[in-house]
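K.L.:
Give me a model of this one.
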Amino acid sequence: MKSVSFYRIVTHSTNNFESLSQPITVNCTGYSAFGKGDNVRVNTSRKDFYLMFLDKGDYQVVCPTTERNMKPGDMIIFSPNTTFIYSKPQNNEMAYYWVHFTGSECLELLKKCGIETNRILTVKNSEPIKKYFKLLHDTFLTRDDLFDTDSANTLSLLLINIGRNIDRKTAQNNQNTKKLKTSLAFIHSNISQNISVKQLAEMEFLSVSRYSTIFRETMGLSPQNYIILAKISHACELIRTTSRPIRDISQSVGYSDPHYFSRLFSKHMNISPSEYKKMTAKENIQ
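P.N.:
Below you'll find the model as predicted:
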């Protein structure tokens, strides 16, 4: 299958909108296929929800709550205003279905379907998912007076089928997330503090070893790496939305040494804080 893209507003290059005037609005959708020689690396955030479903190959995903490779049958939904990176290994083919959507009832629908955002989920049966993606593409080809309703309903059916086909192990991980609720909330509420794993384990009445095991099984990375990614994600938000100097932002996320912060930021984002600031400034102008 070749790459195809469909946009709700054909005169806009990204259809990157947030709109709460309707329950669900599909901004754009498509299928992206890349050959072995193609260089793919995306580092950005969007105003809408972004669903990616991997059809072929593999790619690495980095966002505030995960950092690992996705395989065929895996999917992720990035929530609005979440900084994320995904890249294709060199000399590998890769192809994925995608859709961007927004609306006042999106979060409620995802909750009912048991789909968590910013988490890599595995789907047991890919065929119904591909079927509804293709039906969603067809709604953009029809474009009659019922287009908005048709595309929203088709997306809802797609999400329902994802919810029905999520792997049992993934569902168990979702239950484990509840065991980490207190400590996860603490991390995000105290982003400027130095947080230890022992501190977090005590909040959940677990040993450090048991807490670390549950955390890695559930979140896909260690508590230490999660804390770092949470801090960097918050730093990205501050860089995008404020005019504060990098030194101040470094301190706001718990790093007194701005040079160390810059090295850490560059390691995980593959771009320096100052370069990220310039990049997002250009995007805001556009």
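
K.L.:
mind giving me the domain ranges of this protein?
P.N.:
4-166, 172-285 (automatic domain parsing).

K.L.:
measure the longest one end to end?
P.N.:
End-to-end distance of domain 4-166: 26 Å, with CA to CA, to the nearest Å as the criterion.

K.L.:
who touches Ala152 in this structure?
P.N.:
Gln22, Pro23, Ile24, Thr25, Val26, Gly103 (CB atoms under 8 Å, 6 or more residues apart in numbering). Where C-beta positions appear, they are placed from N, C-alpha and C, glycine not excepted.

K.L.:
Relative to Thr154, how far out is Asn161?
P.N.:
Going from Asn161 to Thr154 by CB to CB, to the nearest Å gives 11 Å.

K.L.:
and what of Tyr255?
P.N.:
Distance from Tyr255 to Thr154, by CB to CB: 45 Å.

K.L.:
can you give me the strands in the stretch 101-250 of the chain?
P.N.:
Per DSSP state E, counting those that start in this stretch, the stretch 101-250 of the chain has strands spanning 121-122. These are given in chain order.

K.L.:
higher neighbour count, Asn161 and Thr154?
P.N.:
Between Asn161 and Thr154, counted using other CB atoms under 10 Å, the more crowded position is Thr154 (22 against 17).

K.L.:
for the more buried one, what are its contacts?
P.N.:
Thr154 is in contact with Tyr132, Leu135, Leu136, Thr139, counting by CB under 8 Å, 6+ apart.

K.L.:
In those residues, which residue is surrounded by the most others?
P.N.:
Most neighbours among these, by other CB under 10 Å: Leu136, with 24 neighbours.

K.L.:
what residues are shared contacts of Asn161 and Thr154?
P.N.:
Tyr132.

K.L.:
What is the nearest of the contacts of Ala152 to Phe49?
P.N.:
Gly103 (8.7 Å; CB to CB).

K.L.:
and the nearest residue to that closest one once chain neighbours are set aside, what does it touch?
P.N.:
Leaving out its chain neighbours, the residue that sits closest to Gly103 by CB to CB, 6 or more residues apart in numbering is Ile24, at 4.0 Å. With contact set as CB under 8 Å, 6+ apart, Ile24 has these partners: Phe101, Thr102, Gly103, Glu105, Cys106, Leu109, Ala152, Leu155, Ser156.

K.L.:
quick one, helices of this structure?
P.N.:
Counting by DSSP state H, the chain has helices at residues 106-112, 127-142, 147-165, 168-179, 181-189, 197-203, 208-219, 223-241, 246-252, 258-269, 273-285.

K.L.:
out of the contacts of Ile24, which are buried?
P.N.:
By neighbour count, with 16 or more other CB atoms under 10 Å, these hold Phe101, Thr102, Gly103, Cys106, Leu109, Ala152, Leu155, Ser156 as buried.

K.L.:
Could I get the pLDDT score of the third one?
P.N.:
In other words, Gly103. You'll see Gly103 listed with a pLDDT of 97.

K.L.:
That one and Tyr50, how far apart?
P.N.:
Gly103 sits 14 Å away from Tyr50, taking CB to CB as the criterion.

K.L.:
what stretches of the stretch 51-200 of the chain score poorly on pLDDT?
P.N.:
Applying pLDDT under 70 to the stretch 51-200 of the chain picks out residues 63-67, 168-178.

K.L.:
switch to 80 and redo it
P.N.:
Residue ranges of the stretch 51-200 of the chain with pLDDT under 80: 60, 62-69, 83, 85-87, 89-91, 167-179.

K.L.:
ok, the residue nearest to Arg46 when sequence neighbours are not counted - how many residues close by?
P.N.:
In this structure, Arg46 finds its nearest non-sequential neighbour in Asn16, 5.3 Å apart by CB to CB, 6+ apart. If you count neighbours by other CB under 10 Å, Asn16 ends up with 19.
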